[in-house]
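Novice: Turn this into a structure:
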Amino acid sequence: MNRFSVVRKRAKKIVGKYGLEPPVDINIVFSEMGISIEEEKNQYGIEAYSYLNDKIRIVVNTEVVYPPRRKFTLAHELGHICIPWHNGDTKCIAGEKYVQINGKRQ
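Specialist: All right, here's what the predicted structure looks like:
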């Protein structure tokens, strides 16, 4: 199975688990997964980044105010959390009620 197939399969699981239909409220997905979203001005212009330590959270640049761009940015960060080759470890598995950090359930 190639990477695109893996990504499609994981995306379909998330869509199915949360009953998502367009337009998707990405905040609901983060809330259900227990992932917090914080805002912070970033002097380097980075739109967002993920903390993948003991408490997974997304930090979004306060300058990202255009709603479609913000939604895309959050979805992009969700990819970093759920796709293992981004960081070497799968952080969430659709259908499970836990987040995995360093191979341990949280």
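
Novice: My read is that residue 18 contacts residue 29, right?
Specialist: Yes. Residue 18 is within contact range of residue 29, at 5.8 Å (criterion: C-beta atoms under 8 Å). In this view, the C-beta of every residue, glycine as well, is placed from N, C-alpha and C.

Novice: The two: which is more packed in?
Specialist: Between residue 18 and residue 29, residue 29 has the larger neighbour count (other C-beta atoms under 10 Å), namely 21 against 16.

Novice: for the most centrally placed residue in the chain, what are its contacts?
Specialist: Computing the C-alpha centroid of the chain and ranking residues by C-alpha atoms, centre = their mean puts residue 78 first, at 1.5 Å. Residue 78 sits next to 26, 29, 30 when contact means C-beta atoms under 8 Å, 6 or more residues apart in numbering.

Novice: so where is this structure shaky, pLDDT-wise?
Specialist: For the chain, applying pLDDT under 70 flags the ranges 1, 84-106.

Novice: repeat that for 90
Specialist: 1-34, 42-46, 49-57, 76-106 (pLDDT under 90).

Novice: where along it do the strands fall?
Specialist: Under the criterion DSSP state E, the chain carries strands at the ranges 36-40, 48-51, 57-61, 100-101, 104-105.

Novice: Residue 73 is nearest to which of the ones you listed?
Specialist: strand 48-51 (4.8 Å; C-beta to C-beta).

Novice: in its sheet, what does that closest one sit against?
Specialist: strand 57-61 (antiparallel) (DSSP bridges).

Novice: Pull out the buried residues from stretch 68-76.
Specialist: Residues of stretch 68-76 classed as buried by neighbour count (16 or more other C-beta atoms under 10 Å): 70, 71, 73, 74.
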